[in-house]
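**Student:** Got a predicted structure here, sequence first:
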Amino acid sequence: MTAIQAIFIRGYEERSSPKAHTVYNIDIQASVRSWQMWRRYSEFDDLHSELCKSFGPPPAPLPPKHTFSILRSHSDPKLLEERKVGLEAYLRAILSAKDDKWRESHAFKEFLGVPLTRAGAALASAGPSALPRHFTPASWLDEHSELQARLRDVWADINKRDALSGQGDVSSAHKSNVAAKAKLAGVLSRIGTLGKGLQELGMAGMNEGEIQRRTDMVARLQDDCERLGKVVSIARQPSRIPGGGGVLGKVPASETSREALLGAQTAKPPRRVFGAPLQETEATRPLDDAGLLGTQQVQIQEQDDQLDQLTTILRRQRQLGEAINNEIVQQIEMLDDLNSEVDRVGGKMQNAQRTMKRL
């Protein structure tokens, strides 16, 4: 972690988008460089809640909210100045505390925009056993994007493995396959952490629609991992047929093997017959029996993967339909309650009008 020497809040600024709010200019000075961050009071409050939940109350209290002066606090210089001083004291107390658990936390570093060192980044990518993650809505999306990038790297290793297999470089193809497996295992562990973080965000107050959307995002990652796991496990093995020194499904059988299998007196080119003559294709013509079997197994596996993916999509569509139906039922109930309330208020108004007429 970059060694922070001092923290100052230089001032504040009123902003109107998306709605009127105040942001505070935090000046962070480190041993090598310095930078600035703009944070709202609500972000300070989120940081304080996260630190209290993970490590206990920080050494200084967070300035309280102005409960009875919400409208006035956006334009009252005295209140804004008091809050600025209090926020600066809050950050400085964490920075100078004897116990470093607050300032070394991931939430505090992320709040100040502190860059991780290479070792810290490796620790963060090692999974939940190495570094506990406490997500914010933004950091959760960043982690999801990083996992998608990792899966693309796994696909790149698989394509490299297949290319090397086609060239007959079995050793390098095996290394690429091992690298793909290692990366995939790391992604699987981090997907579990992502799911737990989503549960924490739900408990923190994230709305049900966003929770459902992000749950679908996690499910898609899991589906991709499952598909990649099957592809990685179907690593091409060297042919076991005598005389075949190539890779399964790529190198045709030698003429000696064909003659030993079909007989030397065969006048016509050898062809496979399973009950009836079948027409050779460009894909199957150079393959021996083992290669044909391997190709068929790969195609069957791809079809199974497509069916699994279609099943997952249909399951999600059903969940979305049920969620929409539940929402419509709730809206209908609310409209019925509103209609009843309107009728009740209308009856009271009629009674009031009759009383007024009598008066």
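**Tutor:** On my side now, so go ahead. On a predicted model such as this, the values are computed, not experimentally measured, just so you know.

**Student:** Who are the packing partners of the helix or strand harbouring residue 330?
**Tutor:** Per DSSP states H and E: residue 330 is located in helix 289-358. Secondary-structure packing of helix 289-358 (3 or more C-beta pairs under 8 Å, 6 or more residues apart in numbering; DSSP states H and E): helix 208-233. From N, CA and C alone the C-beta is placed, and that goes for glycine too.

**Student:** How far does the helix it packs on sit from its chain's centre?
**Tutor:** Distance of helix 208-233 from its chain centroid, counting by C-alpha atoms, centre = their mean, to the nearest Å, is 9 Å.

**Student:** try stretch 54-63
**Tutor:** For stretch 54-63, the distance to the chain centre is 30 Å (C-alpha atoms, centre = their mean).

**Student:** Please save the CA atoms from that stretch in CSV.
**Tutor:** Below are the C-alpha coordinates for stretch 54-63, written out as CSV (Å, rounded to 0.1, in the frame of the first residue of the first chain):
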residue,chain,number,x,y,z
SER,A,54,-15.8,-5.4,10.1
PHE,A,55,-13.5,-4.0,12.8
GLY,A,56,-15.6,-2.1,15.3
PRO,A,57,-16.0,1.7,15.8
PRO,A,58,-13.1,3.8,14.4
PRO,A,59,-11.1,5.9,16.8
ALA,A,60,-13.1,9.1,16.0
PRO,A,61,-16.9,9.5,15.5
LEU,A,62,-18.4,10.4,12.2
PRO,A,63,-20.1,13.9,12.2
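
**Student:** Flag every buried residue along it.
**Tutor:** Buried residues in stretch 54-63, counted by 16 or more other C-beta atoms under 10 Å: 58, 60, 62, 63.

**Student:** Closest to residue 336 out of those residues?
**Tutor:** residue 62 (43.7 Å; C-beta to C-beta).

**Student:** Wait, the closest one touches residue 49, no?
**Tutor:** No - counting by C-beta atoms under 8 Å, residue 62 does not reach residue 49; the two are 9.2 Å apart.

**Student:** for the host helix or strand of residue 39, packing partners?
**Tutor:** Element membership for residue 39 (DSSP H and E) is strand 34-40. When contacts are defined as 3+ C-beta pairs under 8 Å, 6+ apart, strand 34-40 sits against strand 21-30, helix 106-112.

**Student:** can you count the residues close to the closest residue to residue 305 other than its chain neighbours?
**Tutor:** Once flanking residues are discounted, residue 305 sits nearest to residue 227: 5.2 Å by C-beta to C-beta, 6 or more residues apart in numbering. Per other C-beta atoms under 10 Å, the neighbour tally for residue 227 reads 17.

**Student:** again, but for residue 337
**Tutor:** Neighbours of residue 337 under the rule other C-beta under 10 Å: 10.

**Student:** show me what contacts the residue nearest to residue 305?
**Tutor:** Applying C-beta atoms under 8 Å, 6 or more residues apart in numbering, one finds that residue 227 lies in contact with 305, 308, 309.

**Student:** how about those residues in TSV, adding pLDDT and distance to residue 158?
**Tutor:** Below are the contacts of residue 227 laid out as TSV (pLDDT from 0 to 100; distance: C-beta to C-beta, whole Å):
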residue	pLDDT	distance to residue 158
305	82	14
308	84	18
309	84	17
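
**Student:** Of the residues you listed, which is the nearest to residue 18?
**Tutor:** residue 309 (37.6 Å).

**Student:** got a list of what the closest residue to the closest one other than its chain neighbours touches?
**Tutor:** Spatial nearest neighbour of residue 309, chain neighbours left out: residue 223 (6.3 Å); criterion: C-beta to C-beta, 6+ apart. Neighbour list for residue 223: 308, 309, 312 [criterion: C-beta under 8 Å, 6+ apart].

**Student:** Can I have the buried ones of these as a ChimeraX selection?
**Tutor:** Buried residues within those, by 16+ other C-beta under 10 Å, are selected in ChimeraX with:
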select :312
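
**Student:** what would the contacts of residue 223 look like in CSV with distance to residue 78?
**Tutor:** Conversion of those to CSV gives the following (distance: C-beta to C-beta, whole Å):
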residue, distance to residue 78
308, 63
309, 61
312, 58
